[in-house]
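**Student:** Output the structure for:
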Amino acid sequence: MPPSGVRPRSSRRDLRLSAIEGTSYCVMAGVGQEYFVAFALVMGLGEVGAGLVATLPVFIGATAQLAAPWAIRRVGSLRRYMILASALQAACFAPLIAGAILGTLPAAALYLSVAAYSAINLAQGPAWSTWITTLVPRRIRSRYFAQRSRVLQGGVLAGLLIGGLLLDKSQGANPSEDGAPGAQTASAFAMLFGVALLARCLGCFLISRHSEPVALPARFRNVGVRELLGRARHGADVTLLTFLLFTNLAAQIAMPFFTPFVLEHRGLTYLEFTTLTGAVIVGKMLAAPTVGRLAHKHGPRRILWIGAIGVIPMAPLWLMADSYAALLVVQFCLGPLLSCFDIGAMLTQYESIEEHERASLLATFTAVNAAGGFLGSLVGGALLHWVTDPGGAYLAVFLLGSGGRLLALPLLLRVKPVHALAEPIPTGMVRVEPGTGTTPLAAVDPDAAR
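**Tutor:** Predicted structure coming up:
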């Protein structure tokens, strides 16, 4: 909560800047991050290699972002830290633009570029989620974040549509004789990543225009590994994060391979692929206000249960949908369920994790969670590689992912809040994973509370 000395005029200015900056971030995610896997396919990485782009770089990046709490203290200012991080994040698109222009990019360079992007992306989360509570007055947080979330989801959707239209127009281009992607396709990806770079540069400028009533919160501290392990049996925070860890591990057996499934196995166009992803986002946009009200009335754990159970059959339904229209319906229905899971998980975290420990504890969990997600994607990739029949391989991957989610549910029975939710918490979560409109839940991602 901002100090009483913060002027209302400054608060109103910060609210406008935050909404615009968040929208620019979401445009970057929609037009850039959402197409990493599709770009990997064009660069010739194959279905398994492209699917791993959604998890391996995140694992590397999540490990690197463990230094985030140290870096925040070193910089000494949440705003300066966010300015630096957003500028570096924009620079991560430069190698991708170069590869698209040249028509080729080594797999190692692609993985490293996306890993750097992921590290910076995840490392912003603890700082942003701490900083934003000093800028938005407590009495208006619920209403402000509800309105802001719709605008931000619209930013993701706009980015997706721009990318889908550009790539769909270029899809008919013939590849060159040496096997490189067609010139039109390469130019389309260069344009997409260029827009993403400019959008993040705009966000960097807007962050610099925010005020900073509190440089660092009081009692800002790290939670050591020994202390964290000591809470493993009885700590409400670690119990919740353990459930999320195993849920993410199971989810990433299937989710990274949705894009190869629809583009390579089902042969959909880029525009059809974009529409499928957009259907998830539209479903989340429509459901978020109702889910937020239900969470306030019945408690976040009940909403989390609805989402955790509801998403279990969705991956097999991708394969069972025998038409594009059916697949579109599945994706739209997935949106509200993901909204329940996202909002329920985030609000339950705020019930279970102390504010002054949040940045450190969630940074550690993000690394462990990403490692679990990477392990899950290796399992899915191995099945796709070793099962010769493509239809049978995808069936095995999607069933195993759903089965893993089911086995993780008993862990949720042990999650108990340690204190009541003391204030309205932002519930407009914006997460993007190639093909599904989401990312692996990493506790707090850079825009988790946006």
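**Student:** can we go C-alpha only for contacts and neighbour counts from here?
**Tutor:** Will do.
**Student:** My understanding was that Ile101 contacts Ala190; is that so?
**Tutor:** Yes: using C-alpha atoms under 8 Å, Ile101 makes contact with Ala190 at a distance of 6.1 Å.
**Student:** So between the two, which is more surrounded?
**Tutor:** Between Ile101 and Ala190, Ala190 has the larger neighbour count (other C-alpha atoms under 10 Å), namely 23 against 19.
**Student:** got a list of what the more buried one touches?
**Tutor:** Taking C-alpha atoms under 8 Å, 6 or more residues apart in numbering as the definition of contact, the neighbours of Ala190 are Leu96, Ile97, Ala98, Ala100, Ile101.
**Student:** can we see that at 7 Å?
**Tutor:** By C-alpha atoms under 7 Å, 6 or more residues apart in numbering, the residues touching Ala190 are Ile97, Ala100, Ile101.
**Student:** Tell me, how many residues neighbour the first one?
**Tutor:** Right, the one you point to is Ile97. Residue crowding around Ile97 was assessed by other C-alpha under 10 Å; the count is 21.
**Student:** With adjacent residues omitted, what lies nearest to it?
**Tutor:** Ala190 (4.7 Å; C-alpha to C-alpha, 6 or more residues apart in numbering).
**Student:** measure that neighbour to Lys169 for me?
**Tutor:** Relative to Lys169, Ala190 is positioned 14 Å away (criterion: C-alpha to C-alpha, to the nearest Å).
**Student:** I figured Asp168 was touching Glu272, is that so?
**Tutor:** No: with contacts counted by C-alpha atoms under 7 Å, Asp168 stays clear of Glu272, the gap being 8.7 Å.
**Student:** ranges for the strands of this protein?
**Tutor:** Along the chain, no segments are classed as strands by DSSP state E.
**Student:** Low-confidence ranges, it, go.
**Tutor:** Across the chain, the ranges flagged by pLDDT under 70 are 1-10, 138-143, 145-146, 171-183, 214-238, 349-363, 416-450.
**Student:** who touches Ala40 in this structure?
**Tutor:** Ala50.
**Student:** if we take the contacts of Ala190, which one ends up nearest to Ile207?
**Tutor:** Ile97 (24.5 Å; C-alpha to C-alpha).
**Student:** Dump the contacts of Ala190 into JSON lines; add distance to Gly154 as well.
**Tutor:** Rendered in JSON lines, the data for the contacts of Ala190 read as follows (distance: C-alpha to C-alpha, whole Å):
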{"residue": "Ile97", "distance to Gly154": "25"}
{"residue": "Ala100", "distance to Gly154": "27"}
{"residue": "Ile101", "distance to Gly154": "29"}
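**Student:** Among those residues, which one lies nearest to His265?
**Tutor:** When the contacts of Ala190 are compared against His265 (criterion: C-alpha to C-alpha), the nearest one is Ala100, at 23.9 Å.
**Student:** That closest one touches Gln184, doesn't it?
**Tutor:** No: counting by C-alpha under 7 Å, Gln184 is not a contact partner of Ala100; they are 10.2 Å apart.
**Student:** The two: which is more packed in?
**Tutor:** Of the pair Ala100 and Gln184, Ala100 is the one with more neighbours under other C-alpha under 10 Å, namely 25 against 19.
**Student:** That one: what's it in contact with?
**Tutor:** Counting by C-alpha under 7 Å, 6+ apart, Ala100 makes contact with Ala186, Ser187, Phe189, Ala190.
**Student:** Report the buried members of those.
**Tutor:** Neighbour-count burial (16 or more other C-alpha atoms under 10 Å) is assigned, among the contacts of Ala100, to Ala186, Ser187, Phe189, Ala190.
**Student:** So which of those residues are in helices?
**Tutor:** Here DSSP state H is the test, and the buried ones among the contacts of Ala100 give Ala186, Ser187, Phe189, Ala190 as lying in helices.
**Student:** Kindly reformat those residues as a markdown table containing distance to Gly163.
**Tutor:** Formatted as a markdown table, the entries for those read as follows, by distance: C-alpha to C-alpha, whole Å:
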| residue | distance to Gly163 |
| --- | --- |
| Ala186 | 13 |
| Ser187 | 12 |
| Phe189 | 8 |
| Ala190 | 11 |
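**Student:** Closest one of the residues you listed to Thr348?
**Tutor:** Taking C-alpha to C-alpha as the measure, Phe189 is the one of those closest to Thr348, at 38.6 Å.
**Student:** Grab the nearest non-local neighbour of the closest one.
**Tutor:** Per C-alpha to C-alpha, 6+ apart, closest to Phe189 is Ala100, 6.0 Å.
**Student:** what's the answer for Ile306, then?
**Tutor:** The shortest distance from Ile306 to any residue that is not its chain neighbour, by C-alpha to C-alpha, 6+ apart, is 6.6 Å, and that residue is Cys340.
**Student:** That neighbour contacts Arg302, doesn't it?
**Tutor:** No: with the criterion set as C-alpha under 7 Å, Cys340 and Arg302 do not qualify as a contacting pair; they are 9.1 Å apart.
**Student:** And the closest residue to Gly49 other than its chain neighbours, how far from Leu327?
**Tutor:** With sequence-adjacent residues excluded and distances taken as C-alpha to C-alpha, 6+ apart, Gly49 is closest to Ala40, at 7.8 Å. Remark: distance between Ala40 and Leu327 (C-alpha to C-alpha) = 23 Å.
**Student:** For Ser187, list the residues it contacts.
**Tutor:** Going by C-alpha under 7 Å, 6+ apart, Ser187 touches Ala100, Ile101.
**Student:** mind listing what Arg80 touches?
**Tutor:** Remark: with contacts taken as C-alpha under 7 Å, 6+ apart, Arg80 is in contact with nothing.
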